[in-house]
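[1] pasting a predicted model and its sequence here:
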Amino acid sequence: MNEGLEDKGALNVDAQTAGSRNNVRGEALQAALEKEETLRIMINNSHVVLFLWKKEDKWPVEFVSENVAKFGYAPEDFTSGRVMYKDIIYSDDLEKVEQEFEKKVKSGASAVSMEFRIVTKAGDLRWINERTFIQRNTVGEATHFQAVVLDITKRKKSEEELEKTLKMQKVLTTAINNSPAVIFLWKNEKYWPAIFASENVVQFGYTVDDFLSQTIQYGRIIHPDDLKRVEEELDRSIQKGEVSFNSEYRIFTKAGDMLWVNERTFIQRERDGKVACFQGIVLDITHRKKVERALRKSLEMQKMLKTIIDKSSAVAFLWKNVENWPVEFVSENVTQFGYSVEDFLSGNVLYGNIIHREDIQAVVESLARSVREGYDSFEMEYRIFTGKGSIRWIEERTFIQRDDKGEVTHLQGIVIDVTDRKEAQKMLDIQRELGVSLSTTWNLQTMLNQILDACLKIEEIDAAGIYLKDELLDQINLVAHRGLSSEFVKSILTYGADSPEARQIWTEKPVYRMDFYADKMADLIRKEKITAVAVIPMKHRGEIIGSLNFASHTTDRIPQNVRNFLESIALQTVNYIAPIRIVADLA
């Protein structure tokens, strides 16, 4: 009896123990499921996608996390076998990925880490970082790959943009350091200490460290006679709130030589308007100044000529070394030639196509010769067409870029507008040649023809006439002319001393307007389609003896540099004409 009760008690204890164990297992299972659900939620809300695929052909997928949807796929696309893992690897990267996996498997490695591209369900390319763990069986054979995939497309794009920016920065730095334009960044302090100087400052004899170490301060290399003027001009620009400053002055090289420079400076300000620093471009214009001095010397009795050579900035180019030199980079100041950066970079404008047709062959041959003879640089002057169709002379200084095999791949060039210098030299040559020809003849008509022929070499002038005073008849007579219709010439052969045309000459001042003509004469000029005139009185020993008259059918005004040239011609030639005219009158 007691034994039966004991057995029943034991059974109850065992049942209670088993129930307790079942409760524990149930709680553990529930906790595990909750943990699994939490893990699943965390993964599907994370940036990483989990894959498990077999080491079989095309890598069939046994498991993929739900957030594979970020690539456009559903888990069923893979687990159903419709899409294999290799199917989403970009074709250009697949062989590389396969080889890397095979190498790691054979070497016994436990993991593979790679970056490559995959194709989304929509067909877009995405860069991923994949960290894969190799699962092996008991004999060490790889059976599965368990991967953690992270989308790194944004990072890759940022890296590519950075690489592109650094490449352009390198191109620009190389172009500047191979150009005549020296770049400075100065503090807004006394003598403008430099905090940056481009390496090509060596053309002035200095090193970058001379300036950055403050051993040399920029203001102290400026000629003492120019320094105060430069300081005052800069102060005025600052006070007016201007964003840039332009000046020409002299500097001393480290060897003590004197150079003329053109400085184009951008005034950088803080938010409150206070000047922070100055960013300057300094260009050696010594040669230009020598040309100007020579021109001024030739115009002894003429007012000082306006500066012929315009202040111009150097335009930087990077060209491919293929036909017509397509542009890979051009600085924004290409607008001075009437083009935008996009005109060149888009391929709409090829550099070779803007070179004057009469010059292109010479440019091609000269560059080819420099390349063939192994030179590192190329220099040449030639003409280009601007975006508006006008013609400009430019000087090109180019660095020839070669690859490891010595093949020329690119040309890094600086283009400088030298049109004004060319025109100044042309005018100087015309004056010299005219002086020689006038000194070799005593025939008045020959002299007059030589004067007209010389002046008509100027592009803006296409018609001309010379009037001489007739003392006996008290009138002025047209004695030589070019570029005018016979009907017009008949109407302007003679003017009385009291005519508006004659009275204007007696005022002794040049005329560059047409509103002083009488109505009848104004109608004749309109009919002749003349759009601009220049009337230059000729004075000899205090007396007006006639005038040089010039006209244009193509421009609406005579440019200032041409006016100066024509006035100097009048001064130069009157001393030749007057004695011959007196002899002719006496005869």
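    Good, I have the coordinates.

[2] and the residue nearest the centre of this structure?
    If you average the C-alpha coordinates of the chain and look for the closest C-alpha using Cα atoms, centre = their mean, you land on residue 331, 1.6 Å from that point.

[3] find the nearest non-adjacent residue to it, please.
    Ranked by Cβ to Cβ, 6 or more residues apart in numbering and with sequence neighbours excluded, the top spatial neighbour of residue 331 is residue 316, at 4.3 Å. (C-beta placed from N, C-alpha, C; glycine too.)

[4] report the secondary structure state of the spatially closest residue to residue 243 that is not a sequence neighbour.
    With Cβ to Cβ, 6+ apart as the criterion, residue 243 has its nearest non-adjacent residue at 5.7 Å, and that residue is residue 267. Taken by DSSP: H, G, I helix; E, B strand; the rest coil, the conformation at residue 267 corresponds to strand.

[5] please shift the residue numbers so they start at 36 in all later answers.
    Yes, from this point I'll number from 36; that puts the last item at residue 302.

[6] ok, residue 302 to residue 462 distance?
    Computed as Cβ to Cβ, to the nearest Å, the residue 302 to residue 462 distance reads 36 Å.

[7] can you map out the helices along the stretch 236-385 of the chain?
    With DSSP state H, counting those that start in this stretch as the definition, the stretch 236-385 of the chain shows helices at residue ranges 243-247, 253-256, 259-274, 321-333, 376-380.

[8] quick one: closest of the ones you listed to residue 306.
    Among the helices of the stretch 236-385 of the chain, helix 259-274 comes nearest to residue 306, with 16.2 Å by Cβ to Cβ.

[9] contact partners for the closest residue to residue 157 other than its chain neighbours?
    Leaving out its chain neighbours, the residue that sits closest to residue 157 by Cβ to Cβ, 6+ apart is residue 107, at 5.1 Å. When the contact criterion is Cβ atoms under 8 Å, 6 or more residues apart in numbering, the partners of residue 107 are 155-157.

[10] assess the claim that residue 249 and residue 228 are in contact.
    Yes - the pair residue 249 / residue 228 is scored as a contact, 5.5 Å apart, by Cβ atoms under 8 Å.

[11] tell me which of those two has more neighbours.
    For residue 249 versus residue 228, the count of surrounding residues by other Cβ atoms under 10 Å is larger for residue 228: 18 against 12.

[12] pLDDT below threshold where in the chain?
    The chain contains residues with pLDDT under 70 at 36-80, 197, 200-214, 329-348, 551, 616-622.

[13] what segments of the stretch 136-285 of the chain are strands?
    Using DSSP state E, counting those that start in this stretch, the strands assigned to the stretch 136-285 of the chain run over residues 146-154, 160-171, 177-186, 216-222, 229-232, 279-287.

[14] quick one: the second one to chain centroid distance?
    Shown here is strand 160-171, whose average C-alpha point lies 44 Å from the average C-alpha point of the whole chain (Cα atoms, centre = their mean, to the nearest Å).

[15] give me the contact list for it.
    Identification of contacts with strand 160-171 by Cβ under 8 Å, 6+ apart yields 106, 125, 136, 139-140, 144-155, 177-188, 190-191.

[16] strands paired with it, and their directions?
    Strand partners for strand 160-171, identified by DSSP bridges, are recorded as strand 146-154 (antiparallel), strand 177-186 (antiparallel).

[17] report the buried residues of that strand.
    Of the residues in strand 160-171, those scored as buried under the neighbour-count criterion (16 or more other Cβ atoms under 10 Å) are 161-165, 167, 169.

[18] could you do the third one as well?
    If you call a residue buried by 16+ other Cβ under 10 Å, then strand 177-186 has these buried ones: 177, 179-184, 186.

[19] can you put these in TSV and add distance to residue 600?
    What follows is the buried residues of strand 177-186, written out as TSV (distance: Cβ to Cβ, whole Å):
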residue	distance to residue 600
177	88
179	89
180	84
181	86
182	80
183	79
184	76
186	70
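
[20] now do residue 533 against residue 415, distance only.
    As defined by Cβ to Cβ, residue 533 lies at a distance of 57 Å from residue 415.

[21] distance to residue 312 and neighbour count added to the contacts of residue 107, as a markdown table?
    Converted to a markdown table, the contacts of residue 107 look like this (distance: Cβ to Cβ, whole Å; neighbours: other Cβ atoms under 10 Å):
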| residue | distance to residue 312 | neighbour count |
| --- | --- | --- |
| 155 | 48 | 14 |
| 156 | 53 | 14 |
| 157 | 50 | 7 |
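
[22] which ones are touching residue 478?
    With Cβ under 8 Å, 6+ apart as the criterion, the residues that contact residue 478 are residue 615.

[23] brain fart, residue 284
    Applying Cβ under 8 Å, 6+ apart to residue 284 gives the contacts 257-258, 261-262, 264-265, 295-296, 298.

[24] now with 10 Å, please.
    Listed by Cβ atoms under 10 Å, 6 or more residues apart in numbering, the contact set of residue 284 reads 257-258, 260-262, 264-265, 268, 294-298.

[25] which one of the buried residues of strand 160-171 is nearest to residue 544?
    Checking the buried residues of strand 160-171 against residue 544 by Cβ to Cβ gives residue 162 as the nearest, at 75.8 Å.

[26] what about the nearest residue to the closest one once chain neighbours are set aside, neighbour count?
    Nearest-residue entry for residue 162: residue 191, 4.2 Å, with adjacent residues in sequence omitted and distances by Cβ to Cβ, 6+ apart. Counted with other Cβ under 10 Å, the neighbours of residue 191 add up to 16.

[27] quick check: the gap between the nearest residue to residue 418 once chain neighbours are set aside and residue 257.
    Closest residue to residue 418 in three dimensions, ignoring its sequence neighbours and counting by Cβ to Cβ, 6+ apart: residue 391, at 3.8 Å. Summarising the geometry, the distance separating residue 391 from residue 257, computed by Cβ to Cβ, is 39 Å.

[28] count of residues packed around the closest residue to residue 109 other than its chain neighbours?
    Here the nearest residue to residue 109 in space, its sequence neighbours aside, is residue 103; by Cβ to Cβ, 6+ apart that works out to 7.4 Å. Other residues near residue 103 come to 22 when the count uses other Cβ under 10 Å.

[29] helix, strand, or coil at residue 103?
    Judged by three-state DSSP, the three-state class of residue 103 is helix.

[30] that one against residue 85, yeah?
    Yes - with contact defined as Cβ atoms under 10 Å, residue 103 and residue 85 form a contacting pair (8.7 Å).

[31] doesn't residue 185 make contact with the residue nearest to residue 162?
    No - Residue 191 lies out of contact with residue 185 (Cβ under 10 Å); the separation is 11.8 Å.

[32] so what's in contact with the two at the same time?
    Counting by Cβ under 10 Å, 6+ apart, the contacts common to residue 191 and residue 185 are 150, 162-164.

[33] closest to residue 588 among those residues?
    Distances from those to residue 588 were compared by Cβ to Cβ; the smallest belongs to residue 162, at 64.9 Å.

[34] picking that back up, and the residue nearest to residue 162, how far from residue 164?
    Between residue 191 and residue 164 the distance is 10 Å, computed by Cβ to Cβ.

[35] spell out which residues are contacts of both of these two.
    The contact lists of residue 191 and residue 164 share residue 150, where a contact means Cβ under 10 Å, 6+ apart.

[36] one step back: higher neighbour count, residue 302 and residue 462?
    Neighbour totals were compared for residue 302 and residue 462, and residue 462 leads with 25 against 19 (other Cβ under 10 Å).
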